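> can't give you the sequence, but here's the structure:
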């Protein structure tokens, strides 16, 4: 059980790092949107591609911050029955709570399993390390080949306005769902409230 609790702390730390990355995307998005407002009001020239940037950023923000939401038990759910049950049937409620976490782990694992082929296909479309089906052959210059590979990637956006490779967003989805599956599974093993009580006793000591 101590090993499981240590693993939980490790993956909680990873979730916190992902949350920081998601927050950084939020700050960058705020800067871009304010720059767009400034450009519209003072120069009567809106920035091109802001809408596409917002849509792309929302995918990153949601999925980068989701594991930390799970870690902090802030994922939206109806737990009124569990709250009432803990007072009269604590053992049954604890088993039910763990079963819900286990079901959530299975659901997140299915999302990861479903998205993994899409992620691999998306990143394979860039041909970073393999010969491309079309376009220039690798020149041997790293930056030139990287730019050409990014131009071949499956993209999101409007050509001529804003485009971005899809694989970072799909990677965020796979990463987030996989990490959530692990956190939910560890919660089911340890028991969320038991772990919280033990942690509070340790802090008090």
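Nice, thanks for sending it over. Note that the structure is predicted; figures quoted are calculated from it, not measured.
> most remote residue from the middle of the chain, which is it?
Note on the chain: the largest C-alpha distance from the chain mean falls to residue 88, namely 37.1 Å (C-alpha atoms, centre = their mean).
> check what pLDDT it gets.
The model reports residue 88 with a pLDDT of 75.
> so where's the protein shaky on pLDDT?
Residues of the chain meeting the criterion pLDDT under 70: 1, 77-85, 128-142, 144-146, 192-205.
> go again with 50.
For the chain, the stretches with pLDDT under 50 are 193-205.
> residue 4 belongs to a helix?
Yes: Residue 4: assigned to a helix according to DSSP: H, G, I helix; E, B strand; the rest coil.
> can you map out the helices along this structure?
2-43, 50-71, 80-88, 90-124, 142-152, 167-190, 192-204 (DSSP state H).
> between the ones you listed, which gets nearest to residue 160?
helix 50-71 (11.3 Å; C-beta to C-beta). Where C-beta positions appear, they are placed from N, C-alpha and C, glycine not excepted.
> what's the angle from that closest one to helix 90-124?
Helix 50-71 runs at 150 degrees relative to helix 90-124, counting by axes from the mean of the first three to the mean of the last three C-alpha atoms, to 10 degrees.
> which of the residues in helix 50-71 are buried?
Applying a neighbour-count criterion of 16 or more other C-beta atoms under 10 Å, the buried positions in helix 50-71 are 50, 52-53, 56-57, 59-61, 63-71.
> and the gap between the residue farthest from the centre of the chain and residue 191?
Using C-beta to C-beta, to the nearest Å, residue 88 is found at 18 Å from residue 191.
> same deal with residue 14?
Note on residue 14: its distance to residue 191, by C-beta to C-beta, is 21 Å.
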